[in-house]
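Q: prediction below, plus the sequence it came from.
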Amino acid sequence: MSEEPVSGAVPDAHATEGWQAVMADMTATAETYRDRGWTVLEVHPGDSVLVDSAARTGLDVVLPGPEYEELEAVAAECAFTAVETYRAEADGLVYLLIVERDPENETAVLVPAYYDPGGSEPKVDAIRESGEFTLFCRRLNDEYVLFVHTDVAPFLPGGLADE
């Protein structure tokens, strides 16, 4: 791994190690899929946060324009019907590596994210009560590609997922 700064915002210095681990996991996971012949898109969010508003409930990740455009093109061509979710909790944050998969077209989109569950209980409750976890991959102008999942537990903090 290079010594260049990792793309994507982190909330504070304590989170840097956790975020770098997620980014390293994304690189390794992408390589595994590519070795199996899959087409892989790795995205690098500038920010990620749980949201619960009239406009969006779920995990909101902001992508750079070129990556968003590439994701939009891939999403138009594929039906993402499967997901793998890797979750870790450290330093008061939840780290996720979400692998949206189209097994028929052998295409995967890898989305690293994090959020602070502290003070997010109402948002976690809203997600749990809706029975859906929606991942909003968006650009700054609020255009977005979304992925909806009916099993919310893999995305939520361990202690809050099943309450």
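A: That came in fine, so what should we check first?

Q: what stretches of the chain score poorly on pLDDT?
A: Across the chain, residues meeting the criterion (pLDDT under 70) sit at 1-15, 159-163.

Q: try it again at 90.
A: 1-18, 53-56, 90-92, 116-122, 140-142, 157-163 (pLDDT under 90).

Q: may I see the buried residues of the longest helix along the chain?
A: Counting residues, the longest helix found in the chain (DSSP state H) is helix 16-35. Neighbour counts using 16 or more other C-beta atoms under 10 Å place 18-19, 22-23, 25-26, 29-30, 33 of helix 16-35 among the buried residues. (Glycine included, C-beta is placed from N, CA and C.)

Q: please apply the same query to stretch 55-73.
A: Here stretch 55-73 shows 56-64, 67-68, 71 as buried, counting by 16+ other C-beta under 10 Å.

Q: in strands, which of those appear?
A: 57-62 (DSSP state E).

Q: ok, these vs residue 89, which is closest?
A: residue 59 (15.0 Å; C-beta to C-beta).

Q: bridging residues for that closest one?
A: Beta bridges link residue 59 to residue 50, residue 135 when assigned by DSSP bridges.

Q: I'd say it and residue 47 touch.
A: No: applying C-beta atoms under 8 Å, one finds residue 59 not in contact with residue 47, separated by 11.0 Å.
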